[in-house]
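Visitor: have a look at this prediction, sequence included:
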Amino acid sequence: MSSKHRLREVVDSKHEGIIRRQFLAQLGLSASAVFGIAHCGCRQTPITHRRQLTLVPETQEQQMGLTAFEDIRKKNTLSTNKAYIEIVERVGKRLAAVSERGDYAWEFAVIADKTQNAFCLPGGKVAFYEGIVPVCANEAGVAVVMSHEISHALARHGGERMSQQMVEEKVGTNGIALAKYMGVKMTADQEKLALNAYNVGAEYGVMLPFSRFHESEADEMGIHLMAKAGYDPNEAPKFWQRFSGAKKGATQTPWYASTHPSDETRAENLAKLLPEAISEYEAAATKYGVGVAVS
């Protein structure tokens, strides 16, 4: 683990400890419930190894993701563009193979919509909107987008966001509402919370921004993931340069448009990660380079 990651872990661990002590001290929960929360809250993110606060069981997150994904498929028109469908599924399967989450029931869908959106829900439920595919330009570009979104799911950023919301909303209460979140059955409110937590707007066409930190972490995880899958990581900063230009004149708030840092800053940050990512790419069993161009 790098010194940067160790420092981040120490800082985040200390911050998490303060939050959890304040949270648990102010909730009227039983000893068993407290143990369950503490057990759920103890984890590290893949690749970056950051300690994080997660109060929602991962099994419940995955159930939320499955329910939300099924709803999204029903309420949207799926693409009939064979080339788009094939490239998204091909890249998706290669990224899934190096994700170390063989327990995920991976699914990849392309939605017939010009919006520049993409997302991944818990359990490996990935959706691409047709509008973002041309900006990707090639398979490696698709890998940049998808590895970023998959990284949000792998790092359980949505679950972390839900945990933060629960802390904010439930501190000072008797904890009854929190108990609902800890159960297996999901309410309508939980479904809405899951969609919001995982970057999916109410109409499934407008993406809600993750925090600046979550976005940067997903960028970092994503470039390593795509490199391990055999895609040239040099394409990562290039994608952001293309995307910056593609946003101009967009008719609808595009994917990442309201997030920070800026596209230019993200391209610069990803360029700094290239030496390590290129080493991982060179070590990949199969190298696809930039792959097939988007037609």
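Guide: Perfect, thanks for sending it.
Visitor: please enumerate the strands of this structure.
Guide: Taking DSSP state E as the criterion, the chain contains strands spanning 43-44, 51-52, 107-111, 118-121, 125-129.
Visitor: tell me which other helices or strands the last one touches.
Guide: It refers to strand 125-129. Counting contacts by 3 or more Cβ pairs under 8 Å, 6 or more residues apart in numbering; DSSP states H and E, strand 125-129 is packed against helix 58-75, helix 82-97, strand 107-111, strand 118-121, helix 139-154. In short, each C-beta sits where N, CA and C put it, glycine included.
Visitor: adding mean neighbour count, write the strands of the chain out as a markdown table.
Guide: A markdown table is the format used below for the strands of the chain (neighbours: other Cβ atoms under 10 Å):
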| stretch | mean neighbour count |
| --- | --- |
| strand 43-44 | 16 |
| strand 51-52 | 21 |
| strand 107-111 | 21 |
| strand 118-121 | 28 |
| strand 125-129 | 26 |
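Visitor: circling back to that earlier point, quick one: which of the helices and strands packed on strand 125-129 has the weakest pLDDT on average?
Guide: Note on the helices and strands packed on strand 125-129: helix 58-75 shows the lowest mean pLDDT, a mean of 90.
Visitor: tell me what it is packed against?
Guide: When contacts are defined as 3+ Cβ pairs under 8 Å, 6+ apart, helix 58-75 sits against strand 107-111, strand 118-121, strand 125-129, helix 157-170, helix 188-197.
Visitor: look up the pLDDT of Ser13 for me, please.
Guide: 42.
Visitor: how about Lys170?
Guide: Model confidence at Lys170, given as pLDDT, is 52.
Visitor: was I right about Gly65 contacting Lys125?
Guide: Yes. Gly65 is within contact range of Lys125, at 5.1 Å (criterion: Cβ atoms under 8 Å).
Visitor: count of neighbours near the spatially closest residue to Ala105 that is not a sequence neighbour?
Guide: What sits nearest to Ala105 in space, not counting adjacent residues and going by Cβ to Cβ, 6 or more residues apart in numbering, is Gly123, at 5.9 Å. By other Cβ atoms under 10 Å, the residues close to Gly123 number 21.
Visitor: how about Ser211?
Guide: Around Ser211 sit 14 other residues, with neighbours defined as other Cβ under 10 Å.
Visitor: got the contact list for it?
Guide: For Ser211, the contact set (Cβ atoms under 8 Å, 6 or more residues apart in numbering) comprises Arg161.
Visitor: that one and Ala236, how far apart?
Guide: 20 Å (Cβ to Cβ, to the nearest Å).
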